[in-house]
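Trainee: 3D model of this:
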Amino acid sequence: MGAQDSEVGMSQERRVYSKFRSPDLADIANMRPGVSKDRIIEAWVATRLSIHQAFFRPSNQLLYFCDTAEGGTSDIVAKTLLSLKSPRRLEPVRIDALGALFVGIKVRVEPDEFPVVNAALRLSGISVDRLEDL
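Mentor: Just a heads-up that it's a prediction; the model follows:
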């Protein structure tokens, strides 16, 4: 009985404190005037990145990921896009008004390129979550 109660408590805790809760209108309304919704969502995504997980936003065709210290993830993405004859510049995700702080990297990935990039990342042990409605 105690173990079952513990499991229920854990599932409720995961729901409440899930790091994947998308920003809602209250989050957006609490931001400073003039800050775009895309900037808020980008900051939200960047603060949830890890070296084992990436995010893809189909609405703006951007892939967000956190690189390893050796630059392995960047190499995988860059080489995959190069093999598709679509080399692109990998950009830091800037999360402050001055553009001095950045967390993670972003790159544009076209819809027809995404399955190949996704497969390359998954083979490297990196899961890619699609953020459909953001």
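
Trainee: run a quick neighbour tally on the nearest residue to Glu113 once chain neighbours are set aside.
Mentor: Setting aside the residues directly before and after it, Glu113 is nearest to Leu84 in space (Cβ to Cβ, 6 or more residues apart in numbering), at 5.5 Å. Where you see a C-beta, it was placed from the backbone N, CA and C, and this is true even at glycine. Using other Cβ atoms under 10 Å, Leu84 is surrounded by 15 other residues.

Trainee: Glu110 now?
Mentor: Residues near Glu110, counting by other Cβ under 10 Å: 12.

Trainee: return the residues in contact with it.
Mentor: Residues near Glu110 by Cβ atoms under 8 Å, 6 or more residues apart in numbering: Gln61, Ser86.

Trainee: how near is it to His52?
Mentor: In this view, Glu110 and His52 are 25 Å apart by Cβ to Cβ, to the nearest Å.

Trainee: over to Arg39?
Mentor: Arg39 is 25 Å from His52, by Cβ to Cβ.
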